[in-house]
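Visitor: Sequence and computational prediction follow.
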Amino acid sequence: MKRILICAVLIVALALSAVAVAAVRHYHGTVDPGGTLRFVTKVRHGKTIKVRRFVFKHVPMQCDNGASTVGNVGTPPPAMRVNAQHRFHGNFTSAAGRKHLHIDGKLKHHARKAKGTLRVRGDFGGSATSCDTGKDDWRAHRGGG
C-alpha cells in the first residue's frame, strides 16, 4: 500500500512539472488610437519562446478614397520567436499579396506586460483600396485565459 501511494505521488508530481515546463500565457490590451488586441505566449522552462495567435480588432484605417474603416485580424499570423532581449517581430503578407501586416513587440516587467507597434496596409475589397493604419502603438498585460 505504501508503494502504491509513493508511486501515485510521483506520477502527480511529474505531471505537474510537465505542465509548468511548457505553459501558455494570455495577454490582452489596446491599440492607440483605437482597437483591441490579444495574443498568447508559449513558455518553456520559464522562458518565453514564441508569440502566437496575435489578433486585433477595430483598428482605424484610412483608405485612398478618403473612407475610413477598421482593421481586424481574425486569422492570426504565424508564430513569432521571442529573442534573448524579449523582443519579437513579424512581417506578413496575405496569399494574394494585397494585405501587409507588420508587428513589433517587447515583453517587459518579467513578461507581465508587453508593448510595441503594428501596421496594416493594403486592399480590403470594394472601395477600400490602399488602406493604411499607420504605425500604431499597442500595450498589453498578462491576464486570464
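Guide: Cool, got the structure.
Visitor: which element follows the least confident helix or strand in the chain by mean pLDDT toward the C-terminus?
Guide: Scoring the helices and strands of the chain by mean pLDDT, DSSP states H and E places helix 2-21 at the bottom, with a mean of 51. As assigned by DSSP states H and E, the chain's next helix or strand after helix 2-21 is strand 22-32.
Visitor: Which residues does that following strand contact?
Guide: 36-44, 48, 56, 59, 111, 114, 118, 136-145 (C-beta atoms under 8 Å, 6 or more residues apart in numbering). Any C-beta I mention is one placed from the backbone N, CA and C, and that applies to glycine too.
Visitor: Within the helices and strands, which one has Met61?
Guide: Going by DSSP H and E, Met61 is in strand 59-62.
Visitor: name the helices or strands packed onto that strand?
Guide: strand 68-71, strand 113-122, strand 131-132 (3 or more C-beta pairs under 8 Å, 6 or more residues apart in numbering; DSSP states H and E).
Visitor: how about those in JSON lines, adding distance to Gly90 and mean neighbour count?
Guide: Converted to JSON lines, these look like this (distance: least, C-beta to C-beta, whole Å; neighbours: other C-beta atoms under 10 Å):
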{"stretch": "strand 68-71", "distance to Gly90": "16", "mean neighbour count": "17"}
{"stretch": "strand 113-122", "distance to Gly90": "10", "mean neighbour count": "19"}
{"stretch": "strand 131-132", "distance to Gly90": "18", "mean neighbour count": "18"}
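Visitor: out of these, nearest to Phe88?
Guide: strand 113-122 (8.1 Å; C-beta to C-beta).
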